[in-house]
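Student: need coordinates for the following:
(one chain, ligands or ions: 1)
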Amino acid sequence: MTDLVLENLSVLRGKRRVLQQTNLHLHPGEFVGLIGPNGAGKSTLLRAALGLVGAEGHSSLARLSPAVRARIAAWLPQAREIAWPMPVIDLVALAQNGRRDAPQVQAALARMDVAHLAERPATALSGGEQARVLMARALAQDTPILLADEPIAGLDPAHQIACMKLFAARAAEGRVVMASLHDLGLAARFCARIVVLDHGQIVADGAPEKVLTPDLLGRVFGIHCHIATVEGGLVLHPLESCNHLTWKEGSDAG
Ligand SMILES: Nc1ncnc2c1ncn2[C@@H]1O[C@H](COP(=O)(O)OP(=O)(O)OP(=O)(O)O)[C@@H](O)[C@H]1O
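Tutor: Below is the predicted model:
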């Protein structure tokens, strides 16, 4: 059981402070959705938490040696690039010192629905398939903390839902799972806790029904949403942008 603790974590890019004095305590068992508009600082927060960008302040992961950190935290970056045409199973097995038959490798291939692709070159897959393979590698690390930057981007709806359910299940096993997400509906439905970032600052943190109010969605995202509470959680569906993001029809059509 491992907590993730950030204290006064700040990141400077040039003269701009793109992450400001961030305090966050994530507990084992939590599936946290990190949301915010483009440029809000979600990737920066995740990278600073892992010690991958220079930051002021404290993260419980950042000062660990890479070898120790790799045993504690798995990381799925936003960029999904696979450079080498190695078989999918060997790419996933890198998470377990190359052991193809490790149970974590077999389980991760099955959970991300890529077992049937195991012998295919990882570079010869579709974008969504590659994303699932890289997610499988992160899962195969079998760490108490999993940080994922837009893990469901590019997945079809069935795999998006399966992935969100899987994250919730990993958290229920006693792990910390935090994922940046742009799909507010899926975040509302599957995350027990939502952290909202805007201009490098946490502006809300709590249960989806407390955080995802019409006021916050208008202020931070500039959207009107349909929000309903149903058995099993919140349903949230963006309907309309309510400010500067309304482009004029035909103004820039190619
Ligand atoms: N290498 C960089 N150099 C300078 N500024 C950067 C760099 N990377 C990111 N930024 C800036 O830092 C801010 C936060 O970026 P970040 O990538 O963390 O946002 P994000 O919330 O993950 O956005 P998105 O939803 O678009 O992925 C943005 O204003 C961005 O322009």
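
Student: find the residue closest to L184 in space, skipping its chain neighbours.
Tutor: L236 (5.4 Å; Cβ to Cβ, 6 or more residues apart in numbering). The way it works is simple: take the backbone N, C-alpha and C, and place the C-beta from them, glycine included.

Student: do I have it right that the one you found meets T213?
Tutor: No: using Cβ atoms under 8 Å, L236 is not in contact with T213; the gap is 10.5 Å.

Student: just to revisit the earlier point, before we move on, which element is the residue nearest to L184 in?
Tutor: strand 233-241 (DSSP states H and E).

Student: so between L236 and T213, which is more surrounded?
Tutor: Using other Cβ atoms under 10 Å as the criterion, L236 and T213 rank with L236 on top: 21 against 13.

Student: residue contacts, that one?
Tutor: By Cβ atoms under 8 Å, 6 or more residues apart in numbering, the contact list for L236 reads L184, G185, A188, R189, P208, L212, C225, H226, I227.

Student: in this structure E240 contacts F221, no?
Tutor: No: using Cβ under 8 Å, E240 is not in contact with F221, being 11.3 Å away.

Student: and those two? Which one has more around it.
Tutor: Neighbour count, other Cβ under 10 Å: between E240 and F221, F221 has more, with 23 against 11.

Student: now that one. Nearest residue, chain neighbours left out?
Tutor: Excluding the flanking residues, the one nearest F221 by Cβ to Cβ, 6+ apart is P37, at 5.9 Å.

Student: surely that neighbour is in a helix?
Tutor: No: using DSSP: H, G, I helix; E, B strand; the rest coil, the assignment for P37 is coil, not a helix.

Student: would you mind measuring from the residue nearest to L184 to L94?
Tutor: L236 sits at a distance of 37 Å from L94 (criterion: Cβ to Cβ, to the nearest Å).

Student: helix or strand: which one has A179?
Tutor: Assigned by DSSP H and E, A179 falls in strand 176-180.

Student: circling back to that earlier point, tell me which of the contacts of L236 is nearest to the ligand?
Tutor: L184 (12.5 Å; Cβ to the nearest ligand atom).

Student: for L216, see how far away the closest one is.
Tutor: Separation of L184 from L216 (Cβ to Cβ) stands at 11 Å.

Student: P144 too?
Tutor: Separation of P144 from L216 (Cβ to Cβ): 31 Å.

Student: which one of these two has more residues nearby?
Tutor: With neighbours defined as other Cβ under 10 Å, P144 and L216 compare such that P144 has more, 19 against 16.

Student: helix, strand or coil for the closest residue to that one other than its chain neighbours?
Tutor: Computed as Cβ to Cβ, 6+ apart, the closest residue to P144 that is not its neighbour in sequence is T2, at 4.2 Å. Secondary structure, three-state DSSP: T2 is coil.

Student: one more: the one 3 residues further on?
Tutor: Of the three states, V5 takes strand according to three-state DSSP.

Student: can you pull the contacts of it?
Tutor: V5 is in contact with L24, H25, L26, H58, S59, S60, counting by Cβ under 8 Å, 6+ apart.

Student: try 10 Å this time
Tutor: N23, L24, H25, L26, H27, A49, H58, S59, S60, L61 (Cβ atoms under 10 Å, 6 or more residues apart in numbering).

Student: now, these that are in strands?
Tutor: Under the assignment DSSP state E, the contacts of V5 contribute N23, L24, H25, L26, H58, S59 to strands.

Student: how about the residues of the stretch 1-150 of the chain by the ligand?
Tutor: The stretch 1-150 of the chain comes close to the ligand at residues R13, V18, G36, N38, G39, A40, G41, K42, S43, T44, as judged by Cβ under 6 Å from any ligand atom.

Student: mind listing which of those residues are in helices?
Tutor: Under the assignment DSSP state H, those contribute K42, S43, T44 to helices.

Student: thank you, goodbye.
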